[in-house]
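Asker: Generate a structure from the sequence data that follows.
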Amino acid sequence: MRSLPFLFATILLTIGFVLSGKAQDSISTFPFHLDSRLLVFEGKMNGVPTNFAFDTGAAMGMANSLSESKGRLDVKGKKIRLLDSNQQIQKVKTGLSEEFEIGGFRIEKVRSLVNDMNFLFCMDYFLLGQDVIKQLNWEIDFENKLIRVSKSPFPVDPSWTKLPIFYKGNRPFVTLAFEGQTFPDALVDFGYVQVMDFPDHLPQIQNFLSKKDSLGLSNPNISTAMGALGQKTFSSRSIWVDSLLIGGSLIARVPIDFEESSYPKLGLGFFNSLSQKTILNHSDMAYYMEMRPQAAFEESTHIGILYQDGKLVLTAKPEGMTEHDSKIAVGEEIKSINGFSAADFEGECSYFSWSNGQLSKPVEIEKLDGTKLFFPKVPLK
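Answerer: Numbers count the residues shown, from 1 in each chain. Sure, this is the predicted structure:
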């Protein structure tokens, strides 16, 4: 987990649904927010108001154990294998909802996984997967924080960047290229909040990585990714890629995290930073981006802190990029973050709610021995 973002489940299943409700050409508009760095909006499950976290990288939606008592679904005996973003596998329960409602459109008989991923449980978010998302076309206006949905494709300008998509395991993929190499299977994953993730082990990029490292043009860090079934800590490095070819269009200067992963991913940060609007026209099997005049990539502290067993524990940090990062270790308990100690929180959920408001701030850590360490946002070299 980097600066408290979260990597969500990748669920390899395909399920069909029946869409009913609004007329074919009607359009609904509603707000969304990025307060937790996920794209979240309100809809309904079985008529019960529900906060949906939008995740094209999940083939199937995921509820938490609170959903049955709140009337959002009925848990059934059937279990399904879940493969999360950290490649952990476990069979989990499923539940059935009679109806989802998104902007007035109704989707009937939706089956969901039921699993208590800590963050989703605490925020009481339902992870909305591609099984439901692809039943509609979406226009996501990042400037005004508005979503429009329709059964008909949205019109696009010829100048927009087009990303033709194809499906693998019920999830959308695109083809991209950089440094003269083509990569045919990049997942479009709105549940991954960073810009781009790329496997660091691929043979065809080793010369590129070595060159950037030798020139001091990489930002190394230790990250912890939180998946649906647990968390995993690994080394990572962030690097500018001079140009990215996608859908026949060149995009200049894109930051990519190179780390232990299974395939390339375009995250929510890719679309939010590069586009004013993104259209997901599932009817046409294509996504479109109305590009910003200038990209708005965020800098990060690379610091991650989790509340675990009544303690605050460091889970991510930069390496060799600040004067203080060598003075603390991942896994180390700390006394406080930005003036708040573990005793200031009622529990993990209280901490998550507070930490959402800290995502854009520099971080001051106080160690158990009283030493204070300051971590500013680190520009990418």
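Asker: So what are the sheet partners of the helix or strand encompassing Ser235 and their directions?
Answerer: Secondary-structure element containing Ser235, defined by DSSP states H and E: strand 231-246. For strand 231-246, the paired strands and their directions (DSSP bridges) are strand 171-178 (antiparallel), strand 219-226 (antiparallel), strand 249-259 (antiparallel).
Asker: What is the burial count for Phe198?
Answerer: Phe198 sits with 21 neighbouring residues when counted by other Cβ atoms under 10 Å. For the C-beta atoms, the positions are set from N, CA and C on the backbone; glycine is no exception.
Asker: Does the closest residue to Lys91 other than its chain neighbours belong to a helix, a strand or coil?
Answerer: The shortest distance from Lys91 to any residue other than its chain neighbours is 4.3 Å, reached at Lys79 (Cβ to Cβ, 6 or more residues apart in numbering). Three states are possible here, and by DSSP: H, G, I helix; E, B strand; the rest coil the one that applies to Lys79 is strand.
Asker: Surely Lys79 and Thr94 touch.
Answerer: Yes: using Cβ atoms under 8 Å, Lys79 makes contact with Thr94 at a distance of 6.7 Å.
Asker: Report the beta-bridge partners for the nearest residue to Glu319 once chain neighbours are set aside.
Answerer: Spatially, and ignoring its direct neighbours in sequence, Glu319 is nearest to Pro220 (4.4 Å; Cβ to Cβ, 6+ apart). For Pro220, the beta-bridge assignment (DSSP bridges) gives partners Arg237.
Asker: Between Lys79 and Thr94, which is the more surrounded one?
Answerer: A direct count of neighbours by other Cβ under 10 Å for Lys79 and Thr94 places Thr94 higher, at 24 against 13.
Asker: Enumerate every residue touching the nearest residue to Arg72 once chain neighbours are set aside.
Answerer: Here the nearest residue to Arg72 in space, its sequence neighbours aside, is Met45; by Cβ to Cβ, 6+ apart that works out to 3.8 Å. Applying Cβ atoms under 8 Å, 6 or more residues apart in numbering, we find Met45 in contact with Ala63, Ser67, Arg72, Leu73, Ser97, Glu99, Phe100, Glu101, Val110, Phe126.
Asker: got it, and Phe41?
Answerer: Neighbours of Phe41 in contact, by Cβ under 8 Å, 6+ apart: Phe30, Pro31, Phe32, His33, Asn51, Phe52, Phe54, Ile147.
Asker: Okay, and the beta partners of the fourth one?
Answerer: Using DSSP bridges, the beta-bridge partners of His33 come out as Val40.
Asker: which SSE is Phe121 in?
Answerer: helix 118-123.
Asker: list the helices and strands that helix packs on?
Answerer: In terms of contact count using 3 or more Cβ pairs under 8 Å, 6 or more residues apart in numbering; DSSP states H and E, helix 118-123 is assigned the packing partners strand 125-128, helix 348-355.
Asker: which outside residues touch that helix?
Answerer: Taking Cβ under 8 Å, 6+ apart as the criterion, the residues outside helix 118-123 that touch it are 6, 36, 51, 53, 62, 64-66, 125-127, 226, 348-349, 352-353.
Asker: so which of those residues comes closest to Pro293?
Answerer: Nearest to Pro293 out of the contacts of helix 118-123 is Ser36 (Cβ to Cβ; 27.5 Å).
Asker: okay, now the closest one: neighbour count?
Answerer: Burial of Ser36, expressed as a neighbour count using other Cβ under 10 Å, amounts to 23.
Asker: returning to that earlier point: for the strands paired with strand 231-246, which one sits closest to Asp200?
Answerer: When the strands paired with strand 231-246 are ranked by proximity to Asp200 (Cβ to Cβ), strand 249-259 comes first, at 4.2 Å.
Asker: now that closest one: how far from the chain's centre is it?
Answerer: Between the centre of strand 249-259 and the centre of its chain there are 17 Å (Cα atoms, centre = their mean, to the nearest Å).
Asker: Residues contacting it, please?
Answerer: Strand 249-259 is touched from outside by 2, 161-162, 194-200, 205, 209, 218, 223, 234-245, 270, 274, 291, 295, 297, 380, with contacts defined as Cβ under 8 Å, 6+ apart.
Asker: Can you classify Val132 as helix, strand or coil?
Answerer: At Val132, secondary structure determined by three-state DSSP is helix.
Asker: ok, it - contacts?
Answerer: Contacts of Val132 (Cβ under 8 Å, 6+ apart): Phe17, Gly61, Phe100, Ile102, Ile107, Val110.
Asker: residues in contact with the nearest residue to the fifth one once chain neighbours are set aside?
Answerer: Excluding its sequence neighbours, the residue lying closest to Ile107 (Cβ to Cβ, 6+ apart) is Phe100, at 4.4 Å. By Cβ under 8 Å, 6+ apart, the contact set of Phe100 is Gly43, Lys44, Met45, Arg106, Ile107, Val110, Val132.
Asker: same deal with Ser235?
Answerer: Under the criterion of Cβ under 8 Å, 6+ apart, the neighbours of Ser235 are Pro220, Asn221, Ile222, Ser223, Glu259, Glu260, Glu319.
Asker: biggest separation within those, which pair?
Answerer: By the measure Cβ to Cβ, Glu260 and Glu319 form the most distant pair in the contacts of Ser235, at 15.3 Å.
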